[in-house]
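Participant: From the sequence below, what's the structure:
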Amino acid sequence: MKETDAHIYDDIIELPHHQSVTHPHMSNYDRAAQFAPFAALTGHDEAIRETARLTDTKVNLDDYEKAILNDKLQIIMENIGIDEEITIIYFLPDENKSGGSYVSFSGIVKKVDEYEGKLIFTDRKEISIEQIIKIEGNIFRVTDSEP
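Facilitator: Below you'll find the model as predicted:
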């Protein structure tokens, strides 16, 4: 910076700040909004987050595990109406990409719809039997009563 450049505004430095007669004064909030970052690619951040989101793959049960689930489903069907709560762990397919997640749900089974392949609970929740990987509950505990 040259010595002459340091004093080029000396003639206006003490003048009052200009206030427009026709335009109202802009608030600091509105002034700051002028300098906010601009997203040229709308939705790009969401697409990146969606791509980075992990999903699980569905576990394929072997014949032994399928037999255990079938036995438990039979016990459930035989005991409809006794209001015994069970916990179901099932695979919930992802709506946006391949894979999904495992979800746990507890409730009282109202009906087993064999035609549609669904468990229907008293709160109207429906779970596809194909997606179930585990069923738990007190109803499945064997009580040995010895004399």
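
Participant: chain center to the helix or strand bottoming out on mean pLDDT in the chain: distance?
Facilitator: When each helix and strand of the chain is scored by mean pLDDT, DSSP states H and E, helix 44-52 comes last, with a mean of 79. Chain-centre distance of helix 44-52: 14 Å, with Cα atoms, centre = their mean, to the nearest Å.

Participant: before we move on, what about stretch 59-68?
Facilitator: 28 Å.

Participant: residues of stretch 71-84 that come out buried?
Facilitator: 72-73, 76 (16 or more other Cβ atoms under 10 Å). Every C-beta, even on glycine, is put in place using the N, C-alpha and C of the backbone.

Participant: Now those in TSV, please, with extra columns for secondary structure and distance to residue 128.
Facilitator: Shown next, in TSV, are the buried residues of stretch 71-84 (DSSP: H, G, I helix; E, B strand; the rest coil; distance: Cβ to Cβ, whole Å):
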residue	secondary structure	distance to residue 128
72	helix	16
73	helix	12
76	helix	15
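
Participant: got a list of contacts for the lengthiest strand in the chain?
Facilitator: For the chain, the longest strand by residue count, based on DSSP state E, is strand 100-113. Outside of strand 100-113, the residues within contact range by Cβ atoms under 8 Å, 6 or more residues apart in numbering are 55-56, 58, 73, 76-77, 80, 83-94, 118-123, 125, 127, 129, 133.

Participant: for the chain, which spans come out with low pLDDT?
Facilitator: 1-4, 39, 142-147 (pLDDT under 70).

Participant: All the helices of it, residue numbers only.
Facilitator: Taking DSSP state H, the helices of the chain run over residues 28-33, 44-52, 63-78.

Participant: looking at those helices, which is buried most?
Facilitator: helix 63-78 (a mean of 13; mean count of other Cβ atoms under 10 Å).

Participant: quick one: which of the helices of the chain is nearest residue 12?
Facilitator: helix 28-33 (22.2 Å; Cβ to Cβ).
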